[in-house]
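Chemist: model the following, please.
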Amino acid sequence: MGIWWETTVSRWWPSVSGDIAARYGGEEFVVVLPETPEEGAARVAERIRQEVEKTAFRVSGEVLHVTVSIGVCTALPTRPDATKEIFHCADEALYEAKGRGRNQVVQGQQNVAIRSETS
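Modeler: The predicted structure follows:
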């Protein structure tokens, strides 16, 4: 994934300082776009989905064609420990994408504002 990401995705995704793409768990990846609004995050997710779908991956001498389901969560956290809720939002959107037939992008709750217990 790392080499494919660097040679394919980096050509059209003008990442900004702070953007991160990493493996999260066994077969899941996370893309964090801290300075990207909801519409931009959805566009990046759809473009990743399209690029994965059209790419032929060579593994152990075989060519594999794979697809990806993506859950998007846009959040404006108001406390530093909101990570768990943000990942939960994206995870629920991911499972909804898989439930709809896979190979698609689903937007989680719109503009989730993760607030502190006292606000």
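Chemist: hey, let's count contacts and neighbours off CA atoms from now on
Modeler: Will do.
Chemist: where does the closest residue in space to residue 95 that isn't next to it in sequence land in three-state SS?
Modeler: Using CA to CA, 6 or more residues apart in numbering and skipping residues adjacent in sequence, the residue nearest residue 95 is residue 71, 7.5 Å away. Applying DSSP: H, G, I helix; E, B strand; the rest coil to residue 71 yields a three-state assignment of strand.
Chemist: mind listing what residue 71 touches?
Modeler: 90, 91, 92, 93, 94, 95, 96, 97, 105, 106, 107, 108 (CA atoms under 8 Å, 6 or more residues apart in numbering).
Chemist: need the residues that contact the host helix or strand of the third one.
Modeler: Meaning residue 92. Remark: residue 92 resides in helix 83-99, with elements defined by DSSP states H and E. Residues outside helix 83-99 that contact it (CA under 8 Å, 6+ apart): 69-75, 103-109, 112, 114.
Chemist: what comes up buried for it?
Modeler: Neighbour counts over helix 83-99 (16 or more other CA atoms under 10 Å) mark 85, 86, 89, 90, 91, 92, 93, 94, 96, 97, 98 as buried.
Chemist: circling back to that earlier point, in TSV, list the contacts of residue 71 along with pLDDT and distance to residue 29.
Modeler: TSV is the format used below for the contacts of residue 71 (pLDDT from 0 to 100; distance: CA to CA, whole Å):
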residue	pLDDT	distance to residue 29
90	91	11
91	91	11
92	92	14
93	93	14
94	93	11
95	93	14
96	93	16
97	94	15
105	95	14
106	94	15
107	92	16
108	88	16
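Chemist: tell me how far the residue most central in space within the chain lies from residue 60.
Modeler: Centroid-nearest residue in the chain: residue 31, 4.7 Å away (criterion: CA atoms, centre = their mean). Using CA to CA, to the nearest Å, residue 31 is found at 27 Å from residue 60.
Chemist: residue 95 too?
Modeler: Taking CA to CA, one finds residue 95 at 30 Å from residue 60.
Chemist: kindly report the same for residue 70.
Modeler: Applying CA to CA, the value for residue 70 to residue 60 is 26 Å.
Chemist: who's more crowded, those two?
Modeler: residue 70 (28 against 7; other CA atoms under 10 Å).
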